[in-house]
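K.L.:
Any chance you could fold what I've pasted below:
(2 chains)
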2 protein chains.
Amino acid sequence: MSKSEPALTQCPIACTLERVGDGWTFLILRDASRGLTRFDQFQSSLGVAPNILTKRLGALVDNGLLEKRAYSSRPPRYDYLLTDMGRDFGGVLTAMLAFGARHFAAEGAAGQLVDRVTGRAAEPVLVDRVSGKPITATDFIYRAGPQPLDATPVVAERPKG
Amino acid sequence: MSKSEPALTQCPIACTLERVGDGWTFLILRDASRGLTRFDQFQSSLGVAPNILTKRLGALVDNGLLEKRAYSSRPPRYDYLLTDMGRDFGGVLTAMLAFGARHFAAEGAAGQLVDRVTGRAAEPVLVDRVSGKPITATDFIYRAGPQPLDATPVVAERPKG
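P.N.:
Residues are numbered from 1 along each chain as shown, chains lettered A, B, ... in the order given. Below you'll find the model as predicted:
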């Protein structure tokens, strides 16, 4: 994708994808959210080539989702820690976890979020924090900001066919 | 990413990324959620090369997120319509929209979800549908399913140190 496309750079989804628009990057953030912090841990979890992992970790640091902190100077070794922005990305990962658990369980997509106290499986849904209303195309529409892309709904009803 | 990595194929997030783990694919689904259905509409919105768009649309059909329906036989022309699964992916896009609007507004990431009736900007948060509790690392943990990857929290507190 080209960063120079104005339609892409003004949309909050596209702005996010510019930083995280790659499968490895999502999985690094997934693993960081699970508590992994070190190069070797990510490599062992993901089975990713070292040069790719180096590039993706560097981009996540440059883009403000991870922070690099030395834990050893000889040899130089680093922890990669989620920043506030990186932790906030957990909401996107949780939405993806819920989607995957709903649709791919038949092929062994295991795992779910459970209530820490009761052990009951969570059913994550997006709601408006203030009104508590579920975010649906019936109740919410997408409105362009000061630099509008357009004003059509981001979640629309299925077009009549 | 390799589909053969067992750790990747058993995680709901990785299963999702196998279908949607590419920036163009996310943006096609964004535009489909806004009501776009035709090849030319996607191409004009995204500025993407036709061969890439053809591949991505075909993969979305193969993976069950879009359905291809002929609207003209001479010449052959198709609408690409969201399936139930594709519409359900709207939750991931909304989480990404909220994340992008929170973090990239300063660089012109315009647009927000507003209440259709009141016009008030929504603040999308993930909650458990049954209990209404916000999905946080304090209250919810990730538990592996019948084919466990591991049982560490998918949303963990920042590691100490």
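
K.L.:
And the strands in chain A, which stretches?
P.N.:
For chain A, the strands defined by DSSP state E cover A:66-72, A:77-82, A:112-115, A:124-128, A:140-143.

K.L.:
Redo those as CSV? Include distance to chain B, mean neighbour count and mean pLDDT.
P.N.:
For glycine as for every other residue, the C-beta is placed from the backbone atoms N, C-alpha and C. CSV is the format used below for the strands of chain A (distance: least, CB to the nearest CB, whole Å; neighbours: other CB atoms under 10 Å in any protein chain shown; pLDDT from 0 to 100):
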stretch, distance to chain B, mean neighbour count, mean pLDDT
strand A:66-72, 7, 13, 96
strand A:77-82, 6, 18, 96
strand A:112-115, 5, 20, 81
strand A:124-128, 4, 21, 86
strand A:140-143, 5, 22, 75
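
K.L.:
May I see those strands arranged in a markdown table, with distance to B:Pro134 as well?
P.N.:
Formatted as a markdown table, these follow (distance: least, CB to CB, whole Å):
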| stretch | distance to B:Pro134 |
| --- | --- |
| strand A:66-72 | 24 |
| strand A:77-82 | 18 |
| strand A:112-115 | 12 |
| strand A:124-128 | 9 |
| strand A:140-143 | 19 |
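
K.L.:
mind checking which of the ones you listed is nearest B:Arg56?
P.N.:
Closest approach to B:Arg56 among those (CB to CB): strand A:140-143, 22.0 Å.

K.L.:
For that closest one, C-alpha coordinates in CSV please.
P.N.:
Provided in CSV are the C-alpha atoms of strand A:140-143 (Å, rounded to 0.1, in the frame of the first residue of the first chain):
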residue,chain,number,x,y,z
PHE,A,140,-24.5,4.0,14.3
ILE,A,141,-23.2,5.6,11.2
TYR,A,142,-19.7,6.6,10.1
ARG,A,143,-19.2,10.3,9.8
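
K.L.:
How many neighbouring residues does A:Asp22 have?
P.N.:
19 (other CB atoms under 10 Å in any protein chain shown).

K.L.:
Am I right that it is in contact with A:Lys55?
P.N.:
No: A:Asp22 is beyond contact range of A:Lys55, at 9.8 Å (criterion: CB atoms under 8 Å).

K.L.:
Now list whatever residues contact both of the two.
P.N.:
Common neighbours of A:Asp22 and A:Lys55 are not found (criterion: CB atoms under 8 Å, 6 or more residues apart in numbering or on different chains).

K.L.:
so how far is stretch A:118-130 off the chain centroid?
P.N.:
18 Å (CA atoms, centre = their mean, to the nearest Å).

K.L.:
Tell me where chain A is predicted with low confidence.
P.N.:
Filtered on pLDDT under 70, chain A yields the residue ranges A:1-9, A:108-111, A:144-161.

K.L.:
Mind doing that once more with 90?
P.N.:
Low-confidence segments of chain A, defined by pLDDT under 90: A:1-12, A:21-22, A:33-35, A:91, A:94, A:97-98, A:101-102, A:104-161.

K.L.:
So which residues of it form helices?
P.N.:
A:6-9, A:12-20, A:23-33, A:39-46, A:50-62, A:84-88, A:90-103 (DSSP state H).

K.L.:
Switch the ones you listed over to a markdown table; also include mean neighbour count and distance to A:Thr136.
P.N.:
Below are the helices of chain A laid out as a markdown table (neighbours: other CB atoms under 10 Å in any protein chain shown; distance: least, CB to CB, whole Å):
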| stretch | mean neighbour count | distance to A:Thr136 |
| --- | --- | --- |
| helix A:6-9 | 16 | 25 |
| helix A:12-20 | 24 | 18 |
| helix A:23-33 | 23 | 25 |
| helix A:39-46 | 17 | 35 |
| helix A:50-62 | 15 | 32 |
| helix A:84-88 | 17 | 23 |
| helix A:90-103 | 24 | 14 |
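
K.L.:
Dump those helices into JSON lines; add distance to chain B as well.
P.N.:
Shown next, in JSON lines, are those (distance: least, CB to the nearest CB, whole Å):
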{"stretch": "helix A:6-9", "distance to chain B": "7"}
{"stretch": "helix A:12-20", "distance to chain B": "3"}
{"stretch": "helix A:23-33", "distance to chain B": "3"}
{"stretch": "helix A:39-46", "distance to chain B": "7"}
{"stretch": "helix A:50-62", "distance to chain B": "10"}
{"stretch": "helix A:84-88", "distance to chain B": "6"}
{"stretch": "helix A:90-103", "distance to chain B": "3"}
